[in-house]
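Participant: What shape does this take:
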Amino acid sequence: MLNSREVPLPFSTHSKQSLRLLISSRDAVALHHLEDISQRASGLQVSTRLVSNGHTDPLYGLEQLPDFLLLGVSHLWREELAALLQRPAHERPPLLVCGPLNEHEGMRLAMQAGARDFLPEPVAAEELLAALSRMVKETRGSSSGKLLAVINAKGGSGATLLACNLAHQLSAKGGDTLLLDLDLQFGSVAHYLDVQPNHSHVEVLQQIDGMDSMALRGFCNHFSPTLHVLGGRENELCLPMDVRLEQLEALLHLARSSYDWVVVDLPRQIDHLTGITLEQADRVFIVVQQSISHLKDASRLARILRDELGVQGSHLQIVVNRYNKAAPITLRDIAAALQCSELQKLPNDFAVVSESQNTGVPLGLQAPRAPITLALHELTIDLFGKPVVSEQGLLKRAFSSLFRE
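Facilitator: The predicted model follows:
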């Protein structure tokens, strides 16, 4: 038998705009503590569920799902998180987790269940209120732009080529687009588009707390009225440790609220910067080529993204660059190895690509009828034609544990 107690807050004058938060726990004292804190959050109706026995699913038997779930896990955390994982993704509301989780296995399960954050015990009021505030802002659509991350499975696969030309194609179709280079040491998007940065991403990150959309646009290079570029300057050395996670998170949030599309060219590494970008990305493009070494590295990267970082499989898009129908490694081989049924192909058009890179002119302008340009056009049409569904991703606290100094 499942005992539950739901205590809604009295409606305020803004109750029609309020979102429903359900707090579920097997510990009555912890439940009351979380409720007291959550009632201070604006824009939320709070209800509680004290689970004493029976089902481990904190949502079991509910006629209407809440907008958010705050789960205080117990010693049965494996069963509780597994019960959530058995639900389809659309039946799992945005999730916050607190309680006695095993650091590695527990965080992984929580990430896979769609948790936005993990709050260690004892739960601090300011941390819980900040987490709830972020979830309310995200749900109300304060960041409307789509974030696309592009990363190489192996060095030189063509991620920068894809990021630059994808950004240009999106902007050419009328969408305000920001191309962001997050390779802090060897970024090359400025060269690909022949722009000379007057400001760098490091400057923006250092000043992001006081920046608005107009200021962000002013710091960017304008390749065209609808395509802005933000990257590093030549001879400027920046180490990943010089950038705080909170700075990049604020930049991504501001970029998504300022542009229709944000295309991020990522370095081939997993750290706190690439991690938060992959967490928030609506789609992650992994660029591979047809060789055994590329396939091995792509398999490893895809496994890390899915299993270690909790990136949803529906967010991953495999792009086969320099595709050759006669190559020994076939599309079927790649699809099987990467557990991906749909692949995008970019044909091997070396001369056209080389000229585009050397002149700094995007393929859509340099060679609009070339096979590779037409393939990029189809990929762009796919983005416009199929809604990019946002799902929950990583726990930010997982990054602090994975990349602890």
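Participant: Buried residues, stretch 281-293. List them.
Facilitator: 281, 282, 283, 284, 285, 286, 287, 288, 289, 290 (16 or more other Cβ atoms under 10 Å). The C-beta positions use only the backbone N, C-alpha and C, and glycine is treated the same way.
Participant: Report the two of those separated the most.
Facilitator: Farthest pair in the buried residues of stretch 281-293 (Cβ to Cβ) is 282 and 290. Separation: 27.2 Å.
Participant: What are the boundaries of the strands in this protein?
Facilitator: Listed in chain order, the strands of the chain (DSSP state E) span residues 19-25, 44-50, 68-72, 95-98, 115-119, 146-152, 177-181, 221-224, 227-230, 261-265, 283-288, 316-323, 343-347.
Participant: Would you give the sheet partners of the first one, along with the direction of each?
Facilitator: Sheet pairing of strand 19-25 (DSSP bridges) gives strand 44-50 (parallel), strand 68-72 (parallel).
Participant: Would you mind giving those as a markdown table with distance to residue 356 added?
Facilitator: What follows is these, written out as a markdown table (distance: least, Cβ to Cβ, whole Å):
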| stretch | distance to residue 356 |
| --- | --- |
| strand 44-50 | 51 |
| strand 68-72 | 46 |
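Participant: Can you tell me which of those strands is nearest to residue 251?
Facilitator: strand 68-72 (25.1 Å).
Participant: Okay, angle between the closest one and strand 115-119 too, please.
Facilitator: Using axes from the mean of the first three to the mean of the last three Cα atoms, to 10 degrees, the direction of strand 68-72 lies 40 degrees away from that of strand 115-119.
Participant: Dump strand 68-72 to CSV, restricted to CA.
Facilitator: Taking Å, rounded to 0.1, in the frame of the first residue of the first chain, the C-alpha atoms of strand 68-72 are listed here in CSV:
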residue,chain,number,x,y,z
PHE,A,68,8.7,19.4,-11.6
LEU,A,69,9.7,16.6,-9.3
LEU,A,70,11.9,17.1,-6.2
LEU,A,71,12.9,13.6,-5.1
GLY,A,72,14.5,13.0,-1.8
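Participant: now that strand: mean pLDDT?
Facilitator: On average, the pLDDT along strand 68-72 is 92.
Participant: Show me the beta-bridge partners of residue 317.
Facilitator: residue 285.
Participant: pLDDT score for the residue nearest the centre of the chain?
Facilitator: Nearest to the geometric centre of the chain sits residue 280, at 1.9 Å (Cα atoms, centre = their mean). Turning to residue 280, the model gives it a pLDDT of 85.
Participant: What of residue 48?
Facilitator: We have a pLDDT of 94 for residue 48.
Participant: now the closest residue to it other than its chain neighbours: how far from residue 236?
Facilitator: The shortest distance from residue 48 to any non-neighbouring residue, by Cβ to Cβ, 6 or more residues apart in numbering, is to residue 23 (4.8 Å). Going from residue 23 to residue 236 by Cβ to Cβ, to the nearest Å gives 47 Å.
Participant: Between those two, which is the more surrounded one?
Facilitator: residue 23 (28 against 13; other Cβ atoms under 10 Å).
Participant: For the stretch 251-400 of the chain, which segments are assigned as helices?
Facilitator: Counting by DSSP state H, counting those that start in this stretch, the stretch 251-400 of the chain has helices at residues 272-280, 292-303, 331-338, 350-359, 363-366, 371-385, 396-402.
Participant: Nearest to residue 75 among those helices would be which one?
Facilitator: With Cβ to Cβ as the measure, helix 396-402 is the member of those nearest residue 75 (20.5 Å).
Participant: Which residues does the residue nearest to residue 48 form beta bridges with?
Facilitator: Going by DSSP bridges, residue 23 forms beta bridges with residue 48, residue 70.
Participant: That one reaches residue 70, doesn't it?
Facilitator: Yes - the pair residue 23 / residue 70 is scored as a contact, 4.5 Å apart, by Cβ atoms under 8 Å.
Participant: and for the two, which residues touch both?
Facilitator: 34, 38 (Cβ atoms under 8 Å, 6 or more residues apart in numbering).
Participant: how far away is residue 157 from residue 263?
Facilitator: Residue 157 is 16 Å from residue 263, by Cβ to Cβ.
Participant: More neighbours: which of those two?
Facilitator: Comparing residue 157 with residue 263 by other Cβ under 10 Å, the one with more neighbours is residue 263, at 28 against 24.
Participant: tell me the pLDDT at the residue nearest to residue 215 when sequence neighbours are not counted?
Facilitator: Among residues not flanking residue 215 along the chain, residue 207 sits closest, at 7.9 Å (Cβ to Cβ, 6+ apart). Residue 207 is assigned 88 on the pLDDT scale.
Participant: do the same with residue 137
Facilitator: At residue 137, the model reports a pLDDT of 68.
Participant: got it, and residue 254?
Facilitator: On pLDDT, residue 254 comes in at 91.
Participant: tell me the contacts of the residue lying closest to it once chain neighbours are set aside?
Facilitator: Leaving out its chain neighbours, the residue that sits closest to residue 254 by Cβ to Cβ, 6+ apart is residue 216, at 5.7 Å. By Cβ under 8 Å, 6+ apart, residue 216 lies in contact with 204, 254, 255, 258.
Participant: What are the boundaries of the helices in the stretch 101-250 of the chain?
Facilitator: With DSSP H, counting those that start in this stretch as the criterion, the stretch 101-250 of the chain has helices spanning 103-112, 125-139, 159-172, 189-192, 201-206, 213-219, 245-258.
Participant: The contacts of residue 216, buried ones only, as a PyMOL selection?
Facilitator: Filtering those down to the buried ones (16+ other Cβ under 10 Å) takes a single PyMOL command:
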select buried, resi 204+254+255+258
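Participant: mind putting the contacts of residue 216 in TSV, distance to residue 245 included?
Facilitator: Below are these laid out as TSV (distance: Cβ to Cβ, whole Å):
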residue	distance to residue 245
204	15
254	15
255	16
258	20
